[in-house]
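Student: sequence and predicted structure are below.
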Amino acid sequence: MSRRLAAALRPAAAIGCALAAMAIALALLGASPLAVAADLADGAFGNWIAFTDTLARATPLVFCGLAVAVAFHGALWNIGADGQLVVGALAAGALGPALAGAPHTLAIVAIIGAGGLAGALWGGLAGWLRARRNVNEVISTIMLNFIAAQLLSWAVHGPLMEPSGAFPASRKIAAAARLHLYFAPTRLNLAMLFAVALAAVCELGLFRTVPGFELRALGRNRRASAFFGLPIARLTVGAMALSGALAGCGGAVQISAITHRLYETISPGWGYEAIAVALVARLSPLGVVPAALLFGALDNGSQAMQRADGVPAQLVYVVQALVIIVMLAFDAAAGGGWRELLEGGAPDRPDATAETCDA
Amino acid sequence: MLETRSISRRFGRTLALDRVDFQARPGEIHALIGENGAGKSTLVSIIAGRLAADSGQVLLDGAALRAGVSAAALRRARIAAVYQSPMLFERMTWEENLALGGFGAGASPRELDAVAARARQIAAASGFDLPPPRALVADCSVAERVRLEIVRALSFEPRVLILDEPTSLLAPAELKIFLDALGRLRAAGRIVVLVTHKLAEALAVADRITVMRRGRVVATMPAADTGEAELARLMIGALPGAPARPPRDPDPAAAPALALAGVTLVREGRRVLDEISLTVRPGEIVGLAGVDGNGQAELVEAIAGAVKLDSGGIAPAPGGASVAVIPQHRDRDGLVLEMTLWENLLLAAPLRARLAPRGFIASRAARRFCAGLLDRFAIRAAAGSACAAGALSGGNRQRLGVARALAGAPRVIVAHDICRGLDLGAAAQVRRGLAEFAAAGGAVLLISTDLDELLECCGRLLVIVRGRVREAPAADRDPERLGLLMAGAAA
Amino acid sequence: MLEAFAASTIAMATPLLLAALGELIVERAGVINIGIEGAMLAGAFAGVAVAHATGATLAGVAAAIGGGVAINAIFAFVAVNLAVNQVVAGTAIDLLAAGVTGMLYQRIYGATGRAFTVAPMRPIALGPLARLPLIGRALFDQSALVYLAFALVPAIAWTIGRSRFGLSLRAAGERPEAADALGLGVYRLRWIALLASGALSGLGGAYLTLAYADTFVEGISAGRGYVALAVVIVGRWNAWGVAAASLMFGAAIALQFVLQAAATAIPYQLFLALPYLLTVAVLALMGGQADAPSALGEPYIRA
């Protein structure tokens, strides 16, 4: 079997392993794995509404998955897509009500742009701290997640609270700023198309442009990048800002298309789930789309599963975790791929069996 | 007696060791020689238990040794090794480093004092000194580090002491003390295995010599019965390619292509580059000699623009397209092993400008361009330009680095240790590339620890000692005088 | 009021200190473990669940240690033996712990999360010392876990700085290939460090549920494990520094109770965000990872 084919099959095998482990766990918990799986599939794809719901749930995962993939290519461990999405949603929710009367297209551009900008600031801050103050981006992005959550909580309890003051939620955004639901009552909207287009742009940007190339080189060999004079600080800040912008757009789109207002629990942890998405996609932006669909289906199906079988919905966290771990383990066993991202170059072996970089 | 029986070991597609039988007797110094890549280091790593063999056995006095290291297993087997690159912990004191060896001590002040006392005894018996109390290894000189490693190895009271090219880091004066110490170890009935690629050294100190070539033992003989010519023939197998053309005299009136003035870099309070001024004119190859770790790496980083200077200036300004740098550690600093060959070309700014006009990579053009370079520089890559750099052999990686530097059409090339690890044929080819570049009016600064290489390739010679550079007088153009200058003797 | 502030500073610092001491050991061995948050969570849940089931606090503490160790054993296998990216593996471990504790909690105590409480660990007053003004209650009238946490500071400082084991540990964190060449056994050292850290993180979690909240809610660790990562950096990879940094962060968390009571005009979310804001600010001001172990975070593969 060719190496490339083996690499392509690894994500499927990883998911298979994770699901098998889950089946065993479910059996131990006293539920029938097959029945659970059937309910899960039914909840995700059982009918038109369920299917479109899966698409809607996958959309923010595409945005966050792209955010994670872009940052990881530069060996920037952005664990903060969640916070970046939250501030994006916050900016959209704050701007949205003010867009009444604006032309639809302009309002959409403004609301998504605001979300992207807020996310870019949030991510770019972590990038700046890394580049200029040598602050580990893992810790700063995690901290910024918590700060964003408190910021959102304050906003919906305080300045942005809806007029009646009964619920911790913001006012509805103006109708002009809402992405149309063309297939009501389903939640199908243009956001998924936008996300797919962004994935294509990211793919081109990473693999066909000079900054994308520089970012990938930086992620794989920081020392060589310094030697050849690549603009490391600029790449770090830029990649983190772009990463944040992608997640922030995701937050804004969620407000614009689905919720139309801010809630405290706007994100169920998409930023963390996105790590699993990006890894299953092997950091390929185009691969993020099917990977996000898979996890979106899992999320959507798990609710039906919870209703039908009484299996707690937290099960999906466990599946996500297992997928990440199995994915990492498979790549390690294959001895290559993107593991070297962190090592900064493989040791000097006479004939390192490195494969072409497909991660 | 130390013995290996039919040891084989494979790395990927390369057979590094092919059914190697090797024997060393008590009370002898046994030199293991061969070109880089002949399998010497792999063999001693397997003997020392650091690497597992695919097949075959290591026996000490008839008993088979098991691979895989634990402190206890090492002590039981009484095999100790000093490796090519010093295996010391930079940010610990030297006493702590030794305590981790056969002294079996902790790091309390009392224990460390005891370690120091015993270490000084061992060192005195071998005829050398140790650093002042509680000095950090980071502050120790290269020679001090080699001594520390030897003392640490001896602390295991080994029956077998393996020295894997420890002398490549030593200045000639240090070398003499070191070789004397080896004689004393032999007298104590130990088995000493000295790995080296320096024939003179092997002939001077060893009792017997084993020659390796391409993973096989080709001969074992008493040192008294052989000479440099025979050993070289055994090592290389075939004659190397034609030597590089001798350098021409540059036009003395030409403006320098590279000029450094008062370049100073301070790291952790030490002046690693100390007021360095030098010029390289078009058409000349200037050699910079020095023992490793005297500031060469930092100098290259400075010229590449990878570090910020504390004072001084470099013309042309670092980071521009007119200066190409070939770093010493090609895998660490020069290549991105996971990327394709054509992508690695893009690391160089001039090639990026050419192959990615307006910021978009013309990947088809880049592949074609890369394939052309592979052809021109005889770089063997199984999958052509789309193959990962990590899949190339060391020599091919080195040639890729040189090809990339030349392809950018720079005015200056700064090359650091570019022939280390290459076989003679490949090295000659790399040097010829530089000579042709200089003949066409390019300026080259060639940094190396290999005096023979510098004497062969270069016009003017400079010496770097502890971050200071000075010109070697023309009268000192022989290895011995240069060796003294490298060790810090006054000119 | 100052007395209360001092007491809650110590109370808030204790789980941080326990977790950070564990992380310190791990990082000195060259591993960065983001999964520490998960280990705390697992310890918190296991501790309260067993204490609730058996009625014995001590059994709960033991279970908490077991929970933290189990979580870290998974991490150790993946990060040490399989040599995968430590940051990403750690994040997965956090998700795993959040999922498993959440599932078990709902399974055992119902989907609504019916509140349940356990008998709290009693403070142990150290005789007349506890009656000292201002600091008496804070320092000498606390639960056993507090005394243990602070007693561990000199013990761990000595172990890392002076003992043979600590020396080996540092060697593994500075230059693993050299440590292995000396036969120190890098994998073994990193496993021991991670298991010890798991026990300490589990204890930190146990403190939250058994000594502080007396109950469990989902995600009770609330990012304390992540703050502990920052504590190790601010403490410059040194046990005494870690203790000082824990107290500083403990005081920042304790401040929210004081300020909340005093000034109602300031939104409470600001106080809740204070430890995280402080972490970012302190790291930004201090900058640098110059004192970090050289091989920190780099997967090591034995040749």
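Tutor: Cool, got the structure. Numbers count the residues shown, from 1 in each chain, chains lettered A, B, ... in the order given.
Student: let me see the contact set for residue 213.
Tutor: In the absence of a named chain, this looks at chain A. Contacts were defined as CB atoms under 8 Å, 6 or more residues apart in numbering or on different chains; by that measure residue A:213 touches A:207, B:343, B:346, B:352, B:356, B:361. In this view, the C-beta of every residue, glycine as well, is placed from N, C-alpha and C.
Student: wrong chain, I was asking about chain C
Tutor: Neighbours of residue C:213 in contact, by CB under 8 Å, 6+ apart: residue C:220.
Student: sec struct for residue A:203, please.
Tutor: Three-state assignment for residue A:203 (DSSP: H, G, I helix; E, B strand; the rest coil): helix.
Student: isn't it up against residue A:285?
Tutor: Yes - judged on CB atoms under 8 Å, residue A:203 makes contact with residue A:285 at a distance of 4.3 Å.
Student: and these two? Which one has more around it.
Tutor: Between residue A:203 and residue A:285, residue A:285 has the larger neighbour count (other CB atoms under 10 Å in any protein chain shown), namely 25 against 18.
Student: ok, now which ones touch the more buried one?
Tutor: Here residue A:285 is in contact with A:66, A:69-70, A:199-200, A:202-203, A:206 (CB under 8 Å, 6+ apart).
Student: just these: which are in helices?
Tutor: Residues of these located in helices (DSSP state H): A:66, A:69-70, A:199-200, A:202-203, A:206.
Student: from those residues, which is closest to chain B?
Tutor: residue A:206 (10.7 Å; CB to the nearest CB).
Student: hang on, that closest one packs against residue A:217?
Tutor: No - counting by CB under 8 Å, residue A:206 does not reach residue A:217; the two are 11.4 Å apart.
Student: residue C:23 touches residue C:197, doesn't it?
Tutor: Yes - at 6.2 Å, residue C:23 and residue C:197 qualify as touching, with contact defined as CB under 8 Å.
Student: what do these two both touch?
Tutor: By CB under 8 Å, 6+ apart, the residues touching both residue C:23 and residue C:197 are C:33, C:36.
Student: just confirm residue B:31 is within a strand.
Tutor: Yes - under three-state DSSP, residue B:31 sits within a strand.
Student: what sits opposite it in the beta ladder?
Tutor: Residue B:31 forms beta bridges with residue B:194, residue B:209, as assigned by DSSP bridges.
Student: let me see the contact set for it.
Tutor: B:194-196, B:201-202, B:205-206, B:208-210, B:223.
Student: what is the nearest of the residues you listed to chain C?
Tutor: residue B:195 (15.1 Å).
Student: now for the contacts of residue A:213, which pair is the farthest apart?
Tutor: A:207 and B:352 (14.8 Å; CB to CB).
Student: helix or strand right after the host helix or strand of residue C:41?
Tutor: Using DSSP states H and E, residue C:41 maps to helix C:36-54. Under the assignment DSSP H and E, the closest C-terminal helix or strand after helix C:36-54 is helix C:57-76.
Student: so how far is residue B:144 from the closest residue to residue A:53 other than its chain neighbours?
Tutor: Leaving aside its chain neighbours, residue A:53 sits nearest to residue A:300 (5.4 Å; criterion: CB to CB, 6 or more residues apart in numbering or on different chains). Separation of residue A:300 from residue B:144 (CB to CB, to the nearest Å): 66 Å.
Student: which one's more surrounded, these two?
Tutor: Regarding residue A:300 and residue B:144, a neighbour count based on other CB under 10 Å identifies residue A:300 as having more, with 25 against 20.
Student: these two touch, right, the more buried one and residue A:43?
Tutor: Yes - under the criterion of CB under 8 Å, residue A:300 makes contact with residue A:43 at 5.9 Å.
Student: which neighbours do these two share?
Tutor: residue A:50.
Student: quick one: is the host helix or strand of residue C:232 near chain A?
Tutor: Using DSSP H and E, residue C:232 falls within helix C:224-234. Yes - part of helix C:224-234 sits near chain A under the criterion CB under 8 Å from any CB of the partner chain, namely C:226, C:229-230, C:233.
Student: any chance of those residues in CSV with neighbour count, pLDDT and distance to chain B as columns?
Tutor: Below are those laid out as CSV (neighbours: other CB atoms under 10 Å in any protein chain shown; pLDDT from 0 to 100; distance: CB to the nearest CB, whole Å):
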residue, neighbour count, pLDDT, distance to chain B
C:226, 26, 89, 27
C:229, 26, 91, 21
C:230, 27, 88, 22
C:233, 25, 89, 17
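Student: now render these as TSV, adding distance to residue C:218.
Tutor: Formatted as TSV, those follow (distance: CB to CB, whole Å):
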residue	distance to residue C:218
C:226	17
C:229	21
C:230	23
C:233	28
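Student: show me where chain A dips below the pLDDT cut-off.
Tutor: A:1-7, A:29, A:181-187, A:334-359 (pLDDT under 70).
Student: cool, thanks, talk later.
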